[in-house]
Structure formats: C-alpha cells, structure tokens
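Q: model this:
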Amino acid sequence: MAGTTSVERQRPELPGPLRRLRGLAQRLPRPSGQGERWERWRPRLRSLAFTLGGAVLAVVIAGRVGAHIGPFDATVAARPALSSDTTVRLAPLGTIVLDTHDWPMALDLRVDQIGLQEAERIAENPERIDRLGDDVADDVSRALTRLAWRCALVALLGGVAGALLARANWRSGLRGGAVGLLLVASLGAGTAATFDANAVAEPRYTGLLRQAPAAVGDVESIIERYGEYRAQLSDLVGNVVTLYLAAENLPTFEPDDGTVRLLHVSDIHLNIQAFDVIDQVTEQFDVDAVVDTGDITDWGTQPETRMFEEIGDLDVPYVWVRGNHDSPRTQNAMAALPNTVVLDGDAETVAGLRIWGIGDPRYTPNKDQESHVGGDSEQEQAEAFAPDVAEAFAEDTPPAVDLVMVHDSRVAADLGGEVPLVLAGHTHKQGRSVIDPPSASTTTVQNASEGEEQIDEDEPEETLLFTEGSTGGAGLRGLQDEEPHPLTATVLYFDGDTRLLVAYDRITVKGFGETGATIERHLVNPEDQDQAG
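A: Numbering: from 1, shown residues only. Coordinates of the predicted model:
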C-alpha cells in the first residue's frame, strides 16, 4: 500500500477542469452486479471523454484560418455548437445570420479589413467587377477547404492530447487521434449534406444592419421602388413647371424668340435624379444648352462614368468643366459623349454665347485628402490658382467672352471687370454676388434677412458671380445629414442682341423622402425692365 501511495503522489497534476471531469467519472454509480465490468470500462469512458473534450477544445481555439476574399481580409472559423448557423460579422455594423444547415456546427466569417489597393483596382476596372462574383466564390471555396484541413489537424492533436491526459500510453493517444478525426469528419459531412444555399435569401440582422437590411437584401425590389420614386419626382417637376409657366403674377419679363436660355447645374455627385430634373426643365423651359460647373462624380472612377451616359440623349449641348471630384478619366468620358462640350482653358460658342471655362486644378475626392505637395489647404490651393486662370483667360479674349465657367468661384477672383458673368458651384449653396476688379474685394449682395437679392447700384459694371447649389442634392453623401439636401438648378435668360443676362429662375426640388418644388423668378436689373415697360 505504501508503494502504491508513493506512485500515486508522483503523478503529474492535471488542469482543474480535467481533474473535476476525472472525479466525476470516478463518482459515477456502478451498476449492481456488474462491478468488475464497470471497472474495466471506466478508464475507457474516461479516455473517450478526455479525447472528445480535447478535440472540441482544440477546434474551438484553433479552428480558424485567414482568407483573402475579394478585396477583403477575413477570418473563417468553425466550431461544434448547438446552433447550426452561418454568421457573417461586419464590425462595427453588426452581423448577418443565415440558417444554412441542420447540423451541430457553427460557421463564422469575420471581415477584418478591406484592401484599399485591391478595392481601387476593382472600382476602376469594370471587367474586374463583372468577375468579382466568380472570384469571391472561388475564394470562399478555397478558404473552406483550408479550414477543413485545419480543423482535422487540430482535432487530431487535441484528441491525442486529451487521450494522453487520461491514460498516458501511446495506444490511447492513437485512439484519441482517430476519435478527433472521426469527430471532424462527421461534423463536416453532416454540415455539407444539410447545407441550403437558398438560406442566403432570408438573412437575420443585428446591430446597425438591422436598420438597413437593404444593404444585402432584395436588390430588384430596391431598384423597383427607386424607379417609382423617380417617376413620381419627374411628374412632380413637370406639373410644377407647367403651373409656374401659366402663372400671371410673375415679374414683368417675357422671353422672346431671340432670348437665349441656359440651364445651370452643378455638383450632381452621381445622383441620377438630377438627370430627370435636367430633362424636364430642358423641355419645359425650351432650354438652348445646359452648363455644368463640375463634380458630376464622387470619386472619378471608371464605373461612375456609366451613370451619366444618358447626358448623350439630351437634344441640346451640354457644356462642362471638371470639378475637384472629377478625374481626368471622368473628363475623357464626358468628352466622348456626342453632345458635350468640355472646356479646360479654352472657349467655345454655344447657343450664340461665347463661353470660356477651365477645370479645377485639384483632384480631392476624399475631403480629408490634400493633393498639393506642400500640404496647402483647399482654399489656399484655389487662391493660388486664380492668377493662372486670369492669365489663361487673357490669352483667349478675342472674340469677347460672355460668361466664364469654373468649379470653385475662388479661382475666378482675378476676373472682376473682365467678363460680365462667372458661373461656379462647389459650395452646394445657391448664391449671387459680384467680383470686384483685382484691386478691390468680392462683395456679396444677397440680402439674407429679406430673402431677396439686390445688386449694388454704385458698381453696375462689376462681374456678376452665380454659384449653383447641388443639382444632385449632394448625392448619396447628402443622406448622411439630418435633412436631405434639395436638388437645385437655375435657368438663365440672356438678351439675344447684347448677350447679357437679364433674368433667371431659381428651381428647387426637395430630395429623398420629401415632395415639393419651388421656382422663383428674378430680374437682374429691375429698374431697366420697368423703364422698358
């Protein structure tokens, strides 16, 4: 007895959970009349319990692999569980749970980060987008294959370790490894046999994704609802315009056959609703040309060029200058459309008016990005470019220019007194002001308290500056604010003989989720109109 006690004291201490498991096995009641048989099976049952526990614990801890799925770096994991779900974790947005199979195995896919370079290559190359679905399917298939081998290996090692803890001999270890492999094989085969790919159509959301199931929901229904909204918006614009033109209380201005009408739009930012507004207003107001002061895109990528192809269906010329969200690729795509006139340091005669324009020197689709090597602010870059704009304009003066198009009004700061009218955008706010000659400063003439705009009578010869809002309601970015931005545009009326601006109509259409439109007519020089009447 003493020798036996000495050997027992020299046994290595087991971890707490395993000691409790062994103690429980030792305290199990023995069936009556079968004491000897129970004594023979108890070590085997204990070895099996340790083997299964070791294999399961190993899979839970190490049953995961890193994977590159499309542009994403992800982690794919599997574990035995009472639930039989596939969970996609999109931190910090929440999770998407799919009831994909009927077997005690849980699958997890966690998106760790997006590879920016790969994402940019996909965004810039439409062919890569077309192949993305097949590529992702192949990536997932390879990841699951690697995960299966990984789980088999760790289950084997875990089973061996558990068996050796229960009975320290090589035969027990071999049996433990076999049990671990059998466990993984049964879980994998059952999961594959009961897997239902159609479960992807019925996801359950948690976290922020619960508020936006459309992110991965029924895309066709989303497009259908959006199409219905576009149709309602088009009807609304058409009805309001018709009523407006028929009203009798407009300021005393009657366009005649010689009047030139331009539609000024800006900062569409990929909102296709803007093209509905442009199409309606162009037809209802008998517009001779559309002038766009830039930022037709958000990022300037190749796929975005598909969004404005319907400009080519307009029956009037479309004059455009590049904004800071538009890339050289965007400019080339615009120039390729059949009815567009792209201005970049040159002038063209459109609808009887001589128009000079220049693209924005910056390409900063990210608001936190500064493209200038010296790290100058956006305002400093615009102001530094103003002398170059004035020099380029001076080289192209003959014949006389009737209006200038820029994206940011600050680059036209040195054009005061050189041209009757400058059109700009960029700020997403409608406004009217004057540009003084370089020796003076720009003077804003909008009377905010009365809601009306007035021109300083002491300086009638100064250059008018019209800043357009966002004809696209600032695009999808506008939805991030508490109140959506309205869609705005302006119809400009020019005298056919003098080629000077005589009146303009401010058009405002409420954006997503709202209805209503307003049109306000303004005369440039009301006194002149009264004398003429």
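Q: Show the residue spans covered by the strands in the stretch 151-300 of the chain.
A: Applying DSSP state E, counting those that start in this stretch to the stretch 151-300 of the chain gives strands spanning 204-207, 260-265, 289-292.
Q: Just name the most buried of these.
A: Of all the strands of the stretch 151-300 of the chain, strand 289-292 has the most neighbours on average by mean count of other CB atoms under 10 Å, namely a mean of 26. To be clear about C-beta, it is placed using only N, CA and C from the backbone, and glycine gets the same treatment.
Q: after it, next one along is what?
A: Moving toward the C-terminus from strand 289-292, the next helix or strand (DSSP states H and E) is strand 318-320.
Q: for that next one, packing partners?
A: When contacts are defined as 3 or more CB pairs under 8 Å, 6 or more residues apart in numbering; DSSP states H and E, strand 318-320 packs onto strand 289-292, strand 340-342.
Q: how about those strands, which one is nearest residue 401?
A: For residue 401, the closest of these is strand 289-292, at 13.5 Å, according to CB to CB.
Q: same for the closest one, what does it pack against?
A: For strand 289-292, the packing partners by 3+ CB pairs under 8 Å, 6+ apart are strand 260-265, strand 318-320.
Q: Walk me through which strands the longest one pairs with, and which way each runs.
A: Read that as strand 260-265. Strand 260-265 has its sheet partners listed here by DSSP bridges as strand 289-292 (parallel), strand 487-494 (antiparallel).
Q: what's the least confident stretch among those strands?
A: Comparing mean pLDDT across the strands paired with strand 260-265, the weakest is strand 487-494, with a mean of 94.
Q: ok and the helix or strand just after it relative to strand 260-265, angle-wise?
A: Sequence-wise, the next helix or strand downstream of strand 487-494 (DSSP H and E) is strand 501-509. Relative orientation of strand 501-509 versus strand 260-265 (axes from the mean of the first three to the mean of the last three CA atoms, to 10 degrees): 40 degrees.
Q: returning to that earlier point: let's have the helices and strands packed on strand 318-320 in a markdown table, adding distance to residue 525.
A: Formatted as a markdown table, the helices and strands packed on strand 318-320 follow (distance: least, CB to CB, whole Å):
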| stretch | distance to residue 525 |
| --- | --- |
| strand 289-292 | 22 |
| strand 340-342 | 29 |
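Q: Enumerate the positions of the one helix or strand residue 47 maps to that are buried.
A: Per DSSP H and E, residue 47 falls inside helix 35-62. For helix 35-62, a neighbour-count test (16 or more other CB atoms under 10 Å) marks 46-60, 62 as buried.
Q: which one of the strands paired with strand 260-265 lies closest to residue 189?
A: Nearest of the strands paired with strand 260-265 (CB to CB): strand 487-494, 57.2 Å.
Q: ok so, going back, can you list the strands paired with strand 260-265 in CSV and add distance to residue 413?
A: CSV is the format used below for those (distance: least, CB to CB, whole Å):
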stretch, distance to residue 413
strand 289-292, 20
strand 487-494, 22
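Q: mind giving me the domain split of the chain?
A: Following automatic domain parsing, one gets these domains for the chain: 60-215, 219-363+377-532.
Q: most packed of those?
A: domain 219-363+377-532 (a mean of 18).
Q: picking up where we left off before, can you name the element that comes right after the helix holding residue 47?
A: By DSSP H and E, the next helix or strand past helix 35-62 is strand 64-69.
Q: Just the CA atoms of the helix or strand following that following strand, as CSV, please.
A: Once the chain leaves strand 64-69, the next helix or strand it forms, by DSSP H and E, is strand 72-80. What follows is strand 72-80 as a C-alpha-only set of coordinates in CSV (Å, rounded to 0.1, in the frame of the first residue of the first chain):
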residue,chain,number,x,y,z
PHE,A,72,-11.5,41.8,-48.0
ASP,A,73,-9.1,40.2,-45.5
ALA,A,74,-11.3,37.9,-43.5
THR,A,75,-11.2,35.1,-40.8
VAL,A,76,-13.2,31.9,-41.4
ALA,A,77,-13.8,29.7,-38.4
ALA,A,78,-15.8,26.6,-37.5
ARG,A,79,-16.8,25.1,-34.1
PRO,A,80,-19.1,22.4,-32.8
